[in-house]
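Engineer: Predicted structure and sequence below. I'll ask about it afterward.
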Amino acid sequence: MEMFATHIEEVVAVLLFGIGFTTLLLHRNLIKKIIGLNVMDTAIYLMFTSVGYVEGRTAPIMADGITDAAHYINPIPSGLVLTGIVVSVSVTALMLALTVRLYRRYHTLDIDRITLLMKGEDD
């Protein structure tokens, strides 16, 4: 139990990822699937930031003449998270735009019903 208390961020990230993954798999509504994917993204960002943070170190901004790298945290996880957030917002916007187009055409957000309606158009 003590291990969970010391690694609470990682535990929360894994739980969030599991919630997002089950939402993505079990729901047929496209909006709920998009929300599940966003929850999974958030879990990954939380994991990156919690692993990249080191207690007692500061942001990698040269201050007070300290040039030793041991005094700073690693900036790569932060850069990856920022890049991932930008990509995630773009992908979410694209998915929502496609969902709006599908709803306007088929008048439903149920993925199974949309698939059946699409197959009916092929005939």
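Structural biologist: All right, it came through fine.

Engineer: Helix or strand for the spatially most central residue of the chain, just tell me which one.
Structural biologist: Residue closest to the mean C-alpha point of the chain, counted by CA atoms, centre = their mean, is Asp41 at 0.7 Å. If you go by DSSP states H and E, Asp41 is part of helix 30-52.

Engineer: and the gap between Asp122 and Asn29?
Structural biologist: Separation of Asp122 from Asn29 (CB to CB, to the nearest Å) stands at 24 Å. C-betas here are computed from N, CA, C, even on glycine.

Engineer: pretty sure the residue nearest to the centre of the chain is in contact with Ser90, am I right?
Structural biologist: No - with contact defined as CB atoms under 8 Å, Asp41 does not reach Ser90; the gap is 11.6 Å.

Engineer: and the strand or helix carrying Ala97, which residues are buried?
Structural biologist: Assigned by DSSP H and E, Ala97 belongs to helix 76-106. Neighbour counts over helix 76-106 (16 or more other CB atoms under 10 Å) mark 77-78, 81, 88, 95, 99, 102, 106 as buried.

Engineer: Return the member of those residues nearest to Gly18.
Structural biologist: Distances from Gly18 to the buried residues of helix 76-106, taken as CB to CB, are shortest for Ser88 (18.4 Å).

Engineer: if I look at the nearest residue to Leu96 once chain neighbours are set aside, how far off is Ala70?
Structural biologist: In space, and not counting its chain neighbours, Leu96 is closest to Ile34: 6.5 Å by CB to CB, 6 or more residues apart in numbering. Separation of Ile34 from Ala70 (CB to CB): 42 Å.

Engineer: Fine, thanks again, bye for now.
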